[in-house]
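Chemist: sequence isn't available, so here's the structure alone:
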């Protein structure tokens, strides 16, 4: 597959958003798009062929479960990874279609490894 891997980060403007974007672009050969809330996320997902959507549990309006369901239903080839504050609700997110739920604060090298695992599982292997 020669198309470049595109990842969307959905997170309110924060150090997490900035750090995650820097981590991805430093360690993976991917294009990274960033939005701060759910409605914008859906517009970007509709317009782009995304490999992965990374959702911050702190998106305003508690919309993460709705976004995960929409992604799974309408764009089944796009994977979703949720950055959670704790283990509460992890299984529910996995049950509705999130491919991965990780707790915020996971070391960067482990987060990159998890993202690479997800991308490989769908045949989207970014260059390192």
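Modeler: Yep, it's here. Quantities reported herein were computed from a predicted structural model and do not represent experimental measurements.
Chemist: stretch 44-51 spans what distance, first to last residue?
Modeler: Using C-alpha to C-alpha, to the nearest Å, the end-to-end distance of stretch 44-51 comes to 12 Å.
Chemist: what's that stretch in contact with?
Modeler: Stretch 44-51 has contacts (C-beta atoms under 8 Å, 6 or more residues apart in numbering) with 3, 5-8, 30, 33, 35, 53, 70-71, 74-75, 78-79, 119, 122, 124. Heads up, the C-betas are built off the backbone N, CA and C, glycines and all.
Chemist: again, 10 Å this time
Modeler: By C-beta atoms under 10 Å, 6 or more residues apart in numbering, the list of residues contacting stretch 44-51 from outside reads 1, 3-8, 10, 30-31, 33-35, 53, 67, 70-71, 74-75, 77-80, 115, 118-119, 122-126.
Chemist: buried subset of these?
Modeler: Buried members of the contacts of stretch 44-51, scored by 16 or more other C-beta atoms under 10 Å, are 5-8, 10, 30-31, 33-35, 53, 67, 70-71, 75, 78-80, 115, 118-119, 124, 126.
Chemist: where exactly do the strands run in this protein?
Modeler: In the chain, the strands defined using DSSP state E lie at 6-10, 31-35, 52-56, 79-84, 100-103.
Chemist: how about a markdown table for those strands, with mean pLDDT and distance to residue 111 added?
Modeler: As requested, the strands of the chain are exported to a markdown table (pLDDT from 0 to 100; distance: least, C-beta to C-beta, whole Å):
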| stretch | mean pLDDT | distance to residue 111 |
| --- | --- | --- |
| strand 6-10 | 96 | 12 |
| strand 31-35 | 96 | 14 |
| strand 52-56 | 97 | 9 |
| strand 79-84 | 96 | 9 |
| strand 100-103 | 95 | 6 |
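Chemist: which one of these lies nearest to residue 16?
Modeler: Comparing the strands of the chain by their distance to residue 16 (C-beta to C-beta), the top pick is strand 52-56, with 6.3 Å.
Chemist: pairing partners for the closest one, with directions?
Modeler: Next to strand 52-56 in the sheet, as set by DSSP bridges, lie strand 6-10 (parallel), strand 79-84 (parallel).
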